[in-house]
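Enquirer: What shape does this take:
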Amino acid sequence: MPVSEHGCRRVIVAITGASGACYGVRVLELLRAAPDVEVHLVVTKAGMMTLHHECGLAPRDLDELAAVHHRPGEIGASIASGSFPAEAMIVAPCSIKTLSAIAHSYTDDLVSRAADVTLKEGRPLLLLVRETPLHLGHLRAMTAAAEAGAIIAPPVPAFYPLPATVAEIVDHTARRALARVGLRDLAPEAWDGDVSGRVAERAG
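Expert: Okay, here's the model as predicted:
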């Protein structure tokens, strides 16, 4: 993803009320450490509750992880306009409520509005939809969002890198998401196909 004319790569991150707040936090941490990235963050009310319950974090704990913080009801925020240049948006995690709003252009808060703008401007929008099992309504909402241009990326753990901790699983998923929207410099280590070597290393 090239640096834009405004001198940095602007990325919008939203954290909603689904389980898996750690994914959003890790995405923010990775972006914070990346050069020339300006993060615009929106955390919904339910997202704040989940952050506190699952991660022991308060909104102020995210202050250093984003350049700009937007309130979820701030419909007039910069990221609500297509004239505001941003390279990509990630919703991590994405609740079914947020997925449904995005799928049907029901833009009653800043997350769904910014996502709708991202789609209409042809920019990458990735949704880490966190729900299971999925009923037909969920699947149809995913299909509608995908047909509108969204990337549906449920945070399914990858075990081929032989993760030893939950943190490693979360990190791999977050990096895959960032790479998928164009931030290839944050991608996880590429798979080299050497299954036997990895198994021997872990056994040793």
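
Enquirer: Please report how far residue 89 lies from residue 70.
Expert: Distance, residue 89 to residue 70, by C-beta to C-beta, to the nearest Å: 12 Å. Any C-beta I mention is one placed from the backbone N, CA and C, and that applies to glycine too.

Enquirer: ok, the two, which is more surrounded?
Expert: residue 89 (26 against 21; other C-beta atoms under 10 Å).

Enquirer: Point out where the protein drops to low pLDDT.
Expert: 1-6, 195-204 (pLDDT under 70).

Enquirer: Scan this structure for its longest helix.
Expert: The longest helix of the chain (DSSP state H) is helix 166-180.

Enquirer: and it, what does it pack onto?
Expert: helix 21-33, strand 88-94, strand 125-129 (3 or more C-beta pairs under 8 Å, 6 or more residues apart in numbering; DSSP states H and E).

Enquirer: For this protein, just list every one of the strands.
Expert: In the chain, the strands defined using DSSP state E lie at 9-15, 37-43, 68-70, 88-94, 125-129, 151-152.

Enquirer: Now tabulate those in TSV and tack on distance to residue 189.
Expert: Converted to TSV, those look like this (distance: least, C-beta to C-beta, whole Å):
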stretch	distance to residue 189
strand 9-15	22
strand 37-43	20
strand 68-70	31
strand 88-94	20
strand 125-129	20
strand 151-152	21
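
Enquirer: Of all those strands, which one is nearest residue 171?
Expert: The closest of those to residue 171 is strand 88-94. By C-beta to C-beta, the value is 12.7 Å.

Enquirer: Next one: residue 159 from residue 173, what distance?
Expert: Distance of residue 159 to residue 173, computed by C-beta to C-beta: 12 Å.

Enquirer: When these two are compared, which one has more neighbours?
Expert: A side-by-side neighbour count of residue 159 and residue 173, using other C-beta under 10 Å, places residue 173 first with 24 against 9.

Enquirer: Name all residues that make contact with the more buried one.
Expert: 23, 26, 128, 155-158 (C-beta atoms under 8 Å, 6 or more residues apart in numbering).

Enquirer: Which of those residues are buried? Put it as a ChimeraX command.
Expert: This is how ChimeraX selects the buried members of the contacts of residue 173, with burial counted by 16 or more other C-beta atoms under 10 Å:
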select :23,26,128,155
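
Enquirer: Perfect, I'm done here.
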